[in-house]
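Chemist: Have a look at this fold, sequence not included:
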């Protein structure tokens with residue numbers, strides 16, 4: 001069977017060819033109250049990152065100044081952006097005033113001669129104060145805070161809400177959301193260092209179809225915490241039961257039906273000297289039922305029946321911590337919005353996925369974090385981030401992301417369903433179950449004329465066909481569907497059907513919009529630790545992952561594989577200057593860097609990846625596990641791993657690949673240490 005390369009990219013082998021002068025696009029000649037302008041420019045190169053010569057790091061240099069001549073020492077911003085990205089977001093807000101900016105492209109070190117373009121033309125913009133200010137006093141009740149936010153959010157102009165700095169304990173009552181915004185433009189909500197503890201579980205922020213909204217300077221927490229934990233005191237393998245003592249500071253299991261009925265838990269240990277983390281060598285979760293409070297005069301003690309295999313139960317030990325983290329209320333829901341900024345927002349407890357977005361353009365998450373407090377095991381139930389369906393993806397920088405109950409950050413497109421074949425060139429599409437935004441907004445799937453739709457068989461692991469969109473018509477007719485006309489005849493093998501959020505039906509054809517796979521995703525200068533599974537799980541086009549620290553993860557540092565609802569493939573990914581320590585600790589097939597199609601072994605799903613100048617100190621197992629991928633360059637990495645006599649796996653393990661090259665690695669050091677050789 002012929003393997004198809006699932007790549008539609010008009011990329012060329014890296015050379016000195018350029019596409020012309022860089023042209024500033026936004027902001028140009030505008031006046032705004034939004035203090036985080038989103039800089040964009042025309043791309044200078046469109047070249048395979050995997051084909052860059054050694055020591056070649058083509059980049060854009062951006063300068064922002066209050067001085068038109070950019071005099072030395074006058075710049076507010078001087079930064080470098082890898083050329084796979086052609087946009088920029090400042091990590092901190094800009095003050096009011098007039099600014100000038102310019103950008104240039106340079107590929108110094110790529111060729112025998114310097115090939116640096118001249119600076120672009122100078123563009124300017126003005127940041128002005130908001131037209132309205134609303135104040136929230138430290139003594140304000142939950143209801144009064146909501147009223148203050150609503151007052152400024154409904155203002156027909158730019159506005160800001162300023163919280164009085166201090167500690168608040170708030171009772172939401174029947175409310176399920178703290179800051180709820182819909183169709184709001186040009187609003188800043190500044191906590192000014194507010195620390196807020198909620199007495200029941202809420203979503204901290206929702207932004208529905210908002211534009212240029214910023215939330216800054218808050219910490220959020222819950223009392224009680226939204227998960228609970230038992231320290232195992234007895235394991236009965238024959239009866240498949242465990243007994244455990246409630247950890248101090250954690251809620252009783254009978255205090256919430258969520259704990260009694262959720263049914264799965266992860267196992268954590270404190271073998272690390274730094275913080276609790278997922279126990280090495282165990283399955284991802286353990287299933288449980290029949291929670292019983294046991295009589296005890298000294299401790300709060302429970303027994304639970306386990307539904308896991310006997311071999312998995314045998315891996316449990318007295319002293320392990322059984323962590324139950326049900327999915328309750330998400331932390332942040334950014335739906336269908338544009339240029340939303342979350343800045344210096346730190347969360348000590350999330351009761352579900354924490355930072356979540358769907359169809360949200362240019363979302364920036366700057367100096368934020370899920371932070372593990374002493375005595376706790378989780379900072380976020382479920383994942384730390386889930387972002388799906390954006391045309392221009394997320395910019396995540398300078399954050400601390402600790403102890404997520406699933407993947408720390410998952411970025412991708414989101415699947416669509418083929419409801420009906422209307423003609424040989426037209427289809428009626430519908431949202432999938434997980435696509436909450438599209439379902440609630442009359443099935444606007446974000447499909448636009450010119451987008452490229454990919455039709456994928458998850459059952460076979462093959463791309464059936466791909467077509468560009470010629471026309472788009474939104475239809476209600478009680479079913480909320482989208483009618484699309486394609487630029488060619490519908491290919492063979494298509495199976496109609498709705499992909500729901502329940503039991504996944506892999507026989508139904510999946511549809512992914514390549515133009516809405518969170519493209520131009522940036523993840524740099526973050527610290528990721530203690531998460532149950534993956535550090536960064538990415539599918540999309542153009543990603544820059546640099547300067548991050550990954551440590552103590554149950555999964556790999558960076559992974560690319562198509563999930564049942566999130567996909568499809570990863571293209572043009574730069575993974576550079578990251579530090580990876582003690583990852584891939586769980587009992588799962590993966591590696592510090594892992595790419596694969598689901599199912600594997602057919603089409604070459606992923607393409608064009610550069611992995612350079614990273615440090616890997618992790619084991620056992622391969623450092624790079626690559627399948628179903630084409631055009632990968634691995635170079636300049638420092639690797640520490642187990643001695644080959646105890647760990648015979650290859651540093652680079654490939655299956656069903658093409659043009660994967662590993663060379664010029666600085667150092668591969670072999671050690672006989674239990675953390676590298678045992679799970």
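Modeler: Nice, I can see it. In this text the structure is predicted, and so the values were computed from the model without any measurement.
Chemist: can you map out the strands along the stretch 1-150 of the chain?
Modeler: Secondary structure of the stretch 1-150 of the chain (DSSP state E, counting those that start in this stretch): strands located at 24-26, 30-32, 39-41, 59-65, 75-82, 87-88, 97-106, 123-127, 132-136.
Chemist: from those, which stretch is densest packed?
Modeler: Of all these, strand 39-41 has the most neighbours on average by mean count of other CB atoms under 10 Å, namely a mean of 22. All C-beta atoms are positioned from the backbone trio N, CA, C, and that covers glycine.
Chemist: so how far is it off the chain centroid?
Modeler: Computed by CA atoms, centre = their mean, to the nearest Å, the separation of strand 39-41 from the middle of its chain amounts to 22 Å.
Chemist: For it, the averaged confidence score.
Modeler: Average pLDDT, strand 39-41: 97.
Chemist: can the strands of the stretch 1-150 of the chain go into JSON lines with extra columns for distance to residue 674?
Modeler: Below are these laid out as JSON lines (distance: least, CB to CB, whole Å):
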{"stretch": "strand 24-26", "distance to residue 674": "53"}
{"stretch": "strand 30-32", "distance to residue 674": "56"}
{"stretch": "strand 39-41", "distance to residue 674": "48"}
{"stretch": "strand 59-65", "distance to residue 674": "41"}
{"stretch": "strand 75-82", "distance to residue 674": "37"}
{"stretch": "strand 87-88", "distance to residue 674": "44"}
{"stretch": "strand 97-106", "distance to residue 674": "46"}
{"stretch": "strand 123-127", "distance to residue 674": "55"}
{"stretch": "strand 132-136", "distance to residue 674": "53"}
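Chemist: Tell me which of those strands approaches residue 462 most closely.
Modeler: Proximity to residue 462 (CB to CB) singles out strand 75-82 among those, at 31.9 Å.
Chemist: Contacts for the closest one, please.
Modeler: For strand 75-82, contacts defined as CB atoms under 8 Å, 6 or more residues apart in numbering pick out 57-67, 87-88, 90, 94, 99, 101, 544, 546, 574, 576.
Chemist: Quick one: list the elements packing against the helix or strand bottoming out on mean pLDDT in the chain.
Modeler: The weakest-scoring helix or strand in the chain, judged by mean pLDDT, DSSP states H and E, is helix 436-440 (a mean of 81). For helix 436-440, the elements it packs on are strand 332-335, strand 355-358, judged by 3 or more CB pairs under 8 Å, 6 or more residues apart in numbering; DSSP states H and E.
Chemist: Report the buried residues of it.
Modeler: Buried residues in helix 436-440, counted by 16 or more other CB atoms under 10 Å: 436-439.
Chemist: wait, which of those is closest to residue 310?
Modeler: residue 436 (39.0 Å).
Chemist: Quick check: that closest one touching residue 334?
Modeler: No - using CB atoms under 8 Å, residue 436 is not in contact with residue 334; the gap is 11.6 Å.
Chemist: got any residues that touch both of the two?
Modeler: Contacts common to residue 436 and residue 334, judged by CB under 8 Å, 6+ apart, are residue 358.
Chemist: so who does residue 626 touch?
Modeler: Residue 626 neighbours (CB under 8 Å, 6+ apart): 593-596, 632, 652-655, 657, 660.
Chemist: Report the beta-bridge partners for it.
Modeler: Following DSSP bridges, residue 626 is listed with bridge partners residue 595, residue 654.
Chemist: likewise residue 321?
Modeler: Beta-bridge pairing for residue 321 (DSSP bridges): residue 231, residue 268.
Chemist: how far away is it from residue 231?
Modeler: Counting by CB to CB, to the nearest Å, the gap from residue 321 to residue 231 is 6 Å.
Chemist: ends of stretch 592-607, how far apart?
Modeler: Distance across stretch 592-607, first residue to last, is 18 Å (CA to CA, to the nearest Å).
Chemist: same deal with stretch 390-409?
Modeler: Start-to-end span of stretch 390-409 (CA to CA) is 15 Å.
Chemist: And the average pLDDT for that stretch is what?
Modeler: 97.
Chemist: and it, which residues are buried?
Modeler: In stretch 390-409, counting by 16+ other CB under 10 Å, buried: 390-409.
Chemist: list residues touching both of residue 321 and residue 231?
Modeler: Counting by CB under 8 Å, 6+ apart, the residues touching both residue 321 and residue 231 are residue 247.
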